[in-house]
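Asker: got a structure for you, letters missing:
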Ligand code: ADP
């Protein structure tokens, strides 16, 4: 089956086409046929297309809305010049898998999209006002472009974390806030945490039930997950993706009283404070320079910039603190897994996080750590380390494609 994987944001549509099926999944022989991105939808869009064995192509064109973006993608995919032999017409796309950010408490697994499911995703809009509407536009656009008969599947960022126990997902707030307004920890990046936990058990040749691991997704957004016996039992993002680790522009954990305090001091509205916490804090806020970890590392190396160094230190400190907390939360773990742009590519950040765990006997093999970049996966801890340390490049799209196939074929999903 050729599965179109769509990740629709407010002004972007990312896509991949993955050829997969039950036998391909069993043999780990899924094939990525194409990928690309339409950015700045609503104006003169920037379009990037890439197919296996063909040079990446970048162009600009006016793209009005999500539907026009999906049409642009399909026009290219089915064109002669795309180099994708397997997709010659719309009929060669057999299913669409969507990344959907918020599934609330209803969606604990990926599901085939029906009108009722669509209503369920709409019900979660108040929990993810920026993301779910864009995801819904993507679903509707695909319906219009491919027809209502084409199977579409929703894969939720929150679903993997629905196994959290109540004492981990509830905040110590008036209980009726949970009952009335569903205020609780949901967690995000679930598809990424689930994927790397799955790869970890494949690499080690162990069963899901024996998978006890702390996964660290360190990208622009950052989150940690405690995975016990294959299930997520705690995670650092909360009601929204703002909680937890220090991120590119998000603060992560702060004293909730800071909001009111700074609003009064600087005459900010609640929305303005929220915007600063989400868009001008984290690495960006501390350094005053950039939200980009690579630039911060360069800056601190080349000019010794004090605030760049501090931003990196606070980032690593917070990650190691969460590892410590999760070891207690899950009664010990076998491994820590690094993923996301920073986790996959920065030996320095991995080393600095793990140095803080040296007291408990965690140690890296310096050469292995250095050599695991550019999507190389494997173990980087030294012989005898109390915790194994892995680098596993994430691949949410692959999992979305596989969930889509399983849903269409009517077989149970593996979580
Ligand atoms: P997103 O969360 O938007 O998907 P990514 O997972 O691509 O983002 O992560 C982006 C982050 O990864 C940026 O901070 C970027 O600087 C960082 N990054 C990418 N390559 C490296 C590298 N070689 N060293 C350090 N950080 C890197």
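Answerer: Yep, it's here. Just so you know, these numbers come straight off a predicted model, no measurement behind them.
Asker: where along the stretch 51-200 of the chain do the strands fall?
Answerer: 54-62, 95-100, 111-112, 152-156 (DSSP state E, counting those that start in this stretch).
Asker: so the second one versus strand 152-156, what angle?
Answerer: With axes from the mean of the first three to the mean of the last three CA atoms, to 10 degrees as the criterion, the two stretches strand 95-100 and strand 152-156 enclose an angle of 30 degrees.
Asker: tell me the mean pLDDT for strand 95-100?
Answerer: In this model, strand 95-100 has an average pLDDT of 98.
Asker: just confirm yes or no for that strand near the ligand.
Answerer: No. Among the residues of strand 95-100, none lie within reach of the ligand under CB under 6 Å from any ligand atom; the closest is 11.7 Å away. C-beta coordinates here come from the backbone N, C-alpha and C atoms, glycine included.
Asker: what residues does the protein have near the ligand?
Answerer: Of all the residues in the chain, those lying near the ligand are 219-221, 248, 292-294, 297, 340-342, 345-346, going by CB under 6 Å from any ligand atom.
Asker: among the residues you listed, the buried ones, what's the ChimeraX command?
Answerer: Buried members of those, identified by 16 or more other CB atoms under 10 Å, are gathered into one ChimeraX selection as follows:
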select :219,220,221,248,292,293,297,340,341,342,345,346
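Asker: could you pull up the residues touching residue 3?
Answerer: Applying CB atoms under 8 Å, 6 or more residues apart in numbering, we find residue 3 in contact with 17-20, 93-97, 400-401, 404-405.
Asker: spell out the secondary structure type for it.
Answerer: strand (DSSP: H, G, I helix; E, B strand; the rest coil).
Asker: mind checking which helix or strand of the chain has the lowest mean pLDDT?
Answerer: Comparing every helix and strand of the chain by mean pLDDT, DSSP states H and E singles out strand 54-62 as the least confident one, with a mean of 92.
Asker: in its sheet, what does that strand sit against?
Answerer: Applying DSSP bridges to the sheet, strand 54-62 is found paired with strand 44-51 (antiparallel).
Asker: which pair of the residues of the chain next to the ligand spans the longest distance?
Answerer: The two members of the residues of the chain next to the ligand with the most space between them (CB to CB) are 221 and 297, at 18.6 Å.
Asker: residue of the stretch 301-415 of the chain nearest the ligand, please.
Answerer: When distances are taken as CB to the nearest ligand atom, the stretch 301-415 of the chain reaches nearest to the ligand at residue 341, 2.1 Å away.
Asker: what do you get for the stretch 151-300 of the chain?
Answerer: The stretch 151-300 of the chain approaches the ligand most closely through residue 219 (2.5 Å), counting by CB to the nearest ligand atom.
Asker: find me the pLDDT at that residue, would you?
Answerer: Each residue has a pLDDT score; the one for residue 219 is 97.
Asker: hang on, it packs against residue 342?
Answerer: Yes. With contacts counted by CB atoms under 8 Å, residue 219 reaches residue 342, the gap being 6.3 Å.
Asker: which residue comes closest to the residue of the stretch 301-415 of the chain closest to the ligand once chain neighbours are left out?
Answerer: Ranked by CB to CB, 6 or more residues apart in numbering and with sequence neighbours excluded, the top spatial neighbour of residue 341 is residue 219, at 4.4 Å.
Asker: equivalent analysis for residue 331, please.
Answerer: Here the nearest residue to residue 331 in space, its sequence neighbours aside, is residue 228; by CB to CB, 6+ apart that works out to 7.6 Å.
Asker: in the sheet, who's paired with the one you found?
Answerer: When residue 228 is checked against DSSP bridges, its beta-bridge partners turn out to be residue 231.
Asker: tell me, how many neighbours does it end up with?
Answerer: 20 (other CB atoms under 10 Å).
Asker: residue 212 is in contact with that one, correct?
Answerer: Yes. With contact defined as CB under 8 Å, residue 228 counts as touching residue 212 (5.5 Å).
Asker: what residues are shared contacts of those two?
Answerer: In contact with both residue 228 and residue 212: 330, 333, using CB under 8 Å, 6+ apart.
Asker: returning to that earlier point: neighbouring contacts of the least confident helix or strand of the chain?
Answerer: Contacting residues not belonging to strand 54-62 are listed as 43-50, 72, 82-83 [CB under 8 Å, 6+ apart].
Asker: and it, how far out from the chain middle?
Answerer: 25 Å (CA atoms, centre = their mean, to the nearest Å).
Asker: one more: stretch 110-124?
Answerer: Distance, centroid of stretch 110-124 to centroid of chain: 20 Å (CA atoms, centre = their mean).
Asker: now that stretch: average pLDDT?
Answerer: 97.
Asker: end to end, how far does that stretch reach?
Answerer: Between the opening and closing residues of stretch 110-124 lies a distance of 15 Å (CA to CA, to the nearest Å).
Asker: buried residues in that stretch?
Answerer: Neighbour count says stretch 110-124 has 110-111, 113, 117-118, 120-121, 124 buried, by 16+ other CB under 10 Å.
Asker: please apply the same query to stretch 398-415.
Answerer: Neighbour-count burial for stretch 398-415 flags 398-408, 415 (criterion: 16+ other CB under 10 Å).
Asker: quick check: the nearest residue to residue 118 once chain neighbours are set aside vs residue 337, distance?
Answerer: Nearest in space to residue 118, with sequence neighbours left out and distances taken as CB to CB, 6+ apart, is residue 139 at 6.5 Å. To residue 337, residue 139 is 31 Å away according to CB to CB, to the nearest Å.
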